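K.L.:
sequence? don't have it. structure:
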Ligand SMILES: [Zn+2]
């Protein structure tokens, strides 16, 4: 589903999620592209605070091999 | 005393008793340093997102605990000298541990099978959507079944909260 430009809401704010679990593969995957890169918030519509938390979570997840660092073949 | 969460991965190529011992060793280090375990979660063997020491799978476990800072170098040393541990990460938890647990669902349903909660009642189960709004919503977001590639989400609700990465990530990227 395409993002409607100019009408983005932060999904974490929307769902009142304060903490982002770095062990939750699904959340981390949802906000990284197929190369493992973090999707910028201009695309996802996340607010700055949640993007910051998400970035921390993804980086922690990478350390724990829950998500890949980059460019692995899609599994 | 501070609150920390330590997650570590054990080489899964040994028998269950050995793995449990490695998990128990960590617990002992924490408790022997006057630490108090708040929550314990054995997520079990999972596929690694990338190979570590030629391994493709690892046994995951995590402890949430309150302990003095001295515990950190002790854990560090233990992780370092023991080759069974292939990864470890300790983070400081600055919020209320109860709140923290409420928003956690490590590895979803998969993890719950092998979960050994030291404080079971703390975790709202997925079905009993508790009256706290936060945990209820948190569950909602995580309805994507495990191991299903994110491309196809059967649940309509989930699609609404999904990223653009779902349908046309590459269009956006290129
Ligand atoms: Zn937000």
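P.N.:
Alright, I've got the coordinates. Keep in mind it's a predicted model, so treat the numbers as computed, not measured. Numbers count the residues shown, from 1 in each chain, chains lettered A, B, ... in the order given.
K.L.:
now what about the helix ranked longest in chain A, what contacts it?
P.N.:
Ranked by residue count under DSSP state H, the longest helix found in chain A is helix A:48-63. Residues from elsewhere that reach helix A:48-63, judged by CB atoms under 8 Å, 6 or more residues apart in numbering or on different chains: A:10, A:12-13, A:17, A:19-25, A:27-28, A:31-32, A:36, A:38, A:41, A:44, A:46, A:67-69, B:49, B:87, B:89, B:91. Yep, even glycine has a C-beta here, placed from its N, CA and C like the rest.
K.L.:
now do the buried residues in that helix.
P.N.:
Buried residues in helix A:48-63, counting neighbours by 16 or more other CB atoms under 10 Å in any protein chain shown, are found at A:50, A:51, A:53, A:54, A:57, A:58, A:60, A:61, A:62.
K.L.:
can you pull the pLDDT of residue B:131?
P.N.:
Among the per-residue scores, residue B:131 holds a pLDDT of 37.
K.L.:
go on, residue A:17?
P.N.:
Reported pLDDT at residue A:17 in the predicted model: 86.
K.L.:
give me phi/psi at it?
P.N.:
phi -100, psi 120 (degrees, to the nearest 10).
K.L.:
got it, and residue B:38?
P.N.:
Per degrees, to the nearest 10, the backbone of residue B:38 is at phi -100, psi -40.
K.L.:
what sits closest to it if chain neighbours are left out?
P.N.:
Nearest residue to residue B:38, sequence neighbours excluded (CB to CB, 6 or more residues apart in numbering or on different chains): residue B:64, at 4.6 Å.
K.L.:
gap between the one you found and residue B:12?
P.N.:
With distances taken as CB to CB, to the nearest Å, residue B:64 is found 22 Å from residue B:12.
K.L.:
same check on residue B:49?
P.N.:
Distance from residue B:49 to residue B:12, by CB to CB: 15 Å.
K.L.:
show me the helices in chain B, by range?
P.N.:
B:16-32, B:71-81, B:97-102, B:108-113, B:133-141, B:156-161, B:169-173.
K.L.:
OK, contacts around residue A:9?
P.N.:
By CB under 8 Å, 6+ apart, the contact list for residue A:9 reads residue A:45.
K.L.:
give me the secondary structure label for it.
P.N.:
coil (DSSP: H, G, I helix; E, B strand; the rest coil).
K.L.:
pLDDT at it, what is it?
P.N.:
87.
K.L.:
near the ion, list only the ones from the contacts of helix A:48-63.
P.N.:
Among these, the residues within reach of the ion (CB under 5 Å from the ion) are A:10, A:12, A:13.
K.L.:
possible to save the residues you listed as JSON lines with neighbour count and distance to chain B?
P.N.:
Listed next are these as JSON lines, based on neighbours: other CB atoms under 10 Å in any protein chain shown; distance: CB to the nearest CB, whole Å:
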{"residue": "A:10", "neighbour count": "17", "distance to chain B": "11"}
{"residue": "A:12", "neighbour count": "24", "distance to chain B": "9"}
{"residue": "A:13", "neighbour count": "14", "distance to chain B": "11"}
